[in-house]
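**Student:** Pasted the sequence and its predicted model underneath.
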Amino acid sequence: MFYILRPVVYFGSIMVFGKNSFVPLLINLAIDIIVLRTKKRPNEKFMQQKIYFHEYAFRYGRLSVYLLREPIFSIITRPFIEKILKTLRFSEKIISFLLRVLSYFTKCYYIL
């Protein structure tokens, strides 16, 4: 049920708070975390427990996508990556290319 309500709540909060606000993103993240915490794992065979483990690992990994969503990307992630790449002494062309690729990914996958 949360998966059905999540897009409605997300777009409603975007309409209320604006596209560049942190509030819709935090609401969406909270719903994802609630869903992950309230799911019950049945006590079944070893293989099914292994499948559930991999599914939860995948879902928790998907939470990292929030670092590529606006406004978190432009305020936190992009400067952090840029600083790391400059510290590692990558050329400006490579840094520019990698940041453009990440920006493209951020704009293409608006709803991840």
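**Tutor:** That came through, no problem. Residues are numbered from 1 along each chain as shown.
**Student:** Against which helices or strands is the helix or strand bottoming out on mean pLDDT in the chain packed?
**Tutor:** Sorting the helices and strands of the chain by mean pLDDT, DSSP states H and E puts helix 46-62 at the bottom, at a mean of 78. Applying 3 or more Cβ pairs under 8 Å, 6 or more residues apart in numbering; DSSP states H and E, one finds that helix 46-62 contacts helix 22-38. Backbone N, C-alpha and C define where each C-beta goes, glycine included.
**Student:** what does the helix it packs on rub up against?
**Tutor:** Contact partners of helix 22-38, identified using Cβ atoms under 8 Å, 6 or more residues apart in numbering, comprise 2-3, 5-6, 9-10, 13-14, 17, 56, 59-60, 62-63, 66, 69, 71-72.
**Student:** Quick one: buried ones out of those residues?
**Tutor:** Among the contacts of helix 22-38, those buried by neighbour count (16 or more other Cβ atoms under 10 Å) are 6, 10, 13-14, 66, 69, 72.
**Student:** What ranges in this structure fall below the confidence cut-off?
**Tutor:** Counting by pLDDT under 70, the chain contains low-confidence ranges at 1, 39-44, 46-47, 109-112.
**Student:** Next, the buried residues of stretch 86-95.
**Tutor:** Those would be residue 95, for stretch 86-95 by 16+ other Cβ under 10 Å.
**Student:** Stretch 94-110 too?
**Tutor:** Buried, per 16+ other Cβ under 10 Å, within stretch 94-110: 95, 102, 106.
**Student:** Which of those residues fall in helices?
**Tutor:** 95, 102, 106 (DSSP state H).
**Student:** and the first one, what does it touch?
**Tutor:** If I follow you right, that is residue 95. 82, 85-86.
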